[in-house]
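S.K.: heads up, no residue letters with this:
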């Protein structure tokens, strides 16, 4: 069941070339797979990774942000799909995506946090 925002996005403007609509949908699905992978990775870290010696909080510091970021990516992917679809329907330039910068920043932060947890564990 579609909400009223979906109906507005589908009813205004002109129908774009189906190839562009499908490409936009494939991009949305790719980000959705990434979101799912982040959530599963976070759950795996928290539930399956052995504890870090001397760092009892290490698994949660690594896993919980991955789960939260997975949720953020899922919502952002939908928002960007809607914005791009609306731009195509109105013949406007596609809006810039925040996802590459966001993903790069989070991967960088998670790498630094992971290195700190491993180093603290090794020193204890």
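M.R.: Thanks, I have it. Just so we're clear, the structure is a prediction, and the values are computed from it rather than from any experiment. Numbering: from 1, shown residues only.

S.K.: list the contacts of residue 110.
M.R.: Counting by Cβ atoms under 8 Å, 6 or more residues apart in numbering, residue 110 touches 62, 65, 66. (Glycine included, C-beta is placed from N, CA and C.)

S.K.: could you find the closest non-adjacent residue to the last one?
M.R.: The one in question is residue 66. The spatially closest residue to residue 66, leaving aside those adjacent along the chain, is residue 42, at 3.2 Å (Cβ to Cβ, 6 or more residues apart in numbering).

S.K.: how about the helix or strand hosting that neighbour: buried residues?
M.R.: Secondary-structure element containing residue 42, defined by DSSP states H and E: helix 18-48. Across helix 18-48, burial judged by 16 or more other Cβ atoms under 10 Å covers 24, 27, 28, 31, 34, 35, 38, 39, 41, 42, 45, 46.

S.K.: tell me the phi and psi of residue 52?
M.R.: phi -80, psi 130 (degrees, to the nearest 10).

S.K.: could you shift the numbering so residue one becomes 9, and keep it that way?
M.R.: Taking 9 as the first residue, the last one we looked at is residue 60.

S.K.: tally of neighbours for it?
M.R.: Burial measure for residue 60: 18 neighbouring residues, criterion other Cβ atoms under 10 Å.

S.K.: do the same with residue 74
M.R.: The local packing of residue 74 (other Cβ under 10 Å) involves 20 other residues.
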